[in-house]
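> give me coordinates for this.
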Amino acid sequence: MRQKNNTLPLRPNVVGIVDCHRAIEIATRLPAGAVDFLEWRADCLPVGIPLPRSRFPWLVTARHPSEGGHGGLSPAARRKILLHHLGGASAVDIEARSLHAMRDVVREARQIGIPVIASFHDFEKTPSADRLQKIVRRATDAGADVLKVATVPRSPADIARLLGLFSDQNIPVAVMGMGRFGMATRVLFASCGSVLNYGWLHRPNVPGQWSAVEFKRLLKRMGTR
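Below is the predicted model:
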């Protein structure tokens, strides 16, 4: 299998989420420069659909049910899906909690030069600073290439804790807010260097999410991109 580049561009990239058939149709018609990456949400799509041809590189994930995954997929099913799609992916997203269970996926990704994104999602709150640092350590100890954190900030103090993820880390971070502070914090975090910033193509799948195409245009106007 062809060896790939095992790094992601360390700039604020915009990722369009492909989580349904309509999103697939939209993704395959996007003009050059509309987004930077596409995310294949394999847990939301029928098993067996191949990654479509696209001018944009694919990030692949099959989300854990406890972190927003659909279909109640077992670890074995998720492992099989991820391994199946690795050949066409430019990066693979595995929850920090699943890095050990999916270590064969991580190993295969390493062998073919695909970056590993260690992700964490909390759809109720923003964890404490200590909890966030434990997530950082789990990702770095596992040798992840990027840490992605998406939480629900409910106060300025929560936002400040998430901003702290950009300081003194040995790993690039992608940070996103959800809920009523979601749209504002996503602009803030992208301005601070969040390397992956996710948006919808067909419809939002969490509150506070931008359209990927609109968000890319906004970052360009701001000079962030």
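> please make it C-alpha for all contacts and neighbour counts, starting now.
OK.
> which parts of the chain are helices?
Taking DSSP state H as the test, the helices found in the chain are 21-29, 75-85, 103-111, 129-141, 156-163, 182-191, 212-222.
> need the ones you listed in a markdown table (columns: distance to residue 204).
Listed next are these as a markdown table, based on distance: least, Cα to Cα, whole Å:
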| stretch | distance to residue 204 |
| --- | --- |
| helix 21-29 | 11 |
| helix 75-85 | 23 |
| helix 103-111 | 29 |
| helix 129-141 | 26 |
| helix 156-163 | 21 |
| helix 182-191 | 12 |
| helix 212-222 | 10 |
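> spatially nearest residue to residue 65 (excluding sequence neighbours)?
Counting by Cα to Cα, 6 or more residues apart in numbering, residue 72 is the residue found nearest to residue 65 once chain neighbours are left out, at 5.5 Å.
> that should have said residue 180, apologies.
For residue 180, ignoring the flanking residues on the chain, the nearest one in space by Cα to Cα, 6+ apart is residue 208 at 6.1 Å.
> now do the one you found against residue 198, distance only.
11 Å (Cα to Cα, to the nearest Å).
> what do you get for residue 82?
Look at residue 82 and residue 198: by Cα to Cα, they are 20 Å apart.
> then residue 79?
23 Å.
> same check on residue 34?
13 Å.
> the two - which one has more neighbours?
residue 198 (24 against 18; other Cα atoms under 10 Å).
> hang on, the more buried one packs against residue 212?
Yes. Using Cα atoms under 8 Å, residue 198 is in contact with residue 212, at 6.6 Å.
> any stretches of the protein with poor pLDDT?
1-7, 168, 225 (pLDDT under 70).
> repeat the analysis, applying 90 as the threshold.
1-11, 47-49, 53, 67-72, 143, 167-170, 203-207, 222-225 (pLDDT under 90).
> contacts for stretch 176-196 next, please.
9-15, 123, 148-154, 159, 163, 166, 172-175, 197, 206-210, 219, 224 (Cα atoms under 8 Å, 6 or more residues apart in numbering).
> list buried residues within those residues.
11-15, 123, 148-154, 159, 163, 166, 172-175, 197, 208-210, 219, 224 (16 or more other Cα atoms under 10 Å).
> in strands only, show me those.
Of the buried ones among the contacts of stretch 176-196, the ones assigned to strands by DSSP state E are 13-15, 148-151, 173-175, 197.
> of all those, which two lie farthest apart?
13 and 151 (18.9 Å; Cα to Cα).
> who's in contact with residue 213?
Shown in contact with residue 213 (Cα under 8 Å, 6+ apart): 16, 34-35, 199, 201.
> okay if I get the ones in strands among the buried ones among the contacts of stretch 176-196 as a markdown table plus distance to residue 88?
A markdown table is the format used below for these (distance: Cα to Cα, whole Å):
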| residue | distance to residue 88 |
| --- | --- |
| 13 | 19 |
| 14 | 19 |
| 15 | 16 |
| 148 | 21 |
| 149 | 24 |
| 150 | 25 |
| 151 | 29 |
| 173 | 23 |
| 174 | 22 |
| 175 | 25 |
| 197 | 21 |
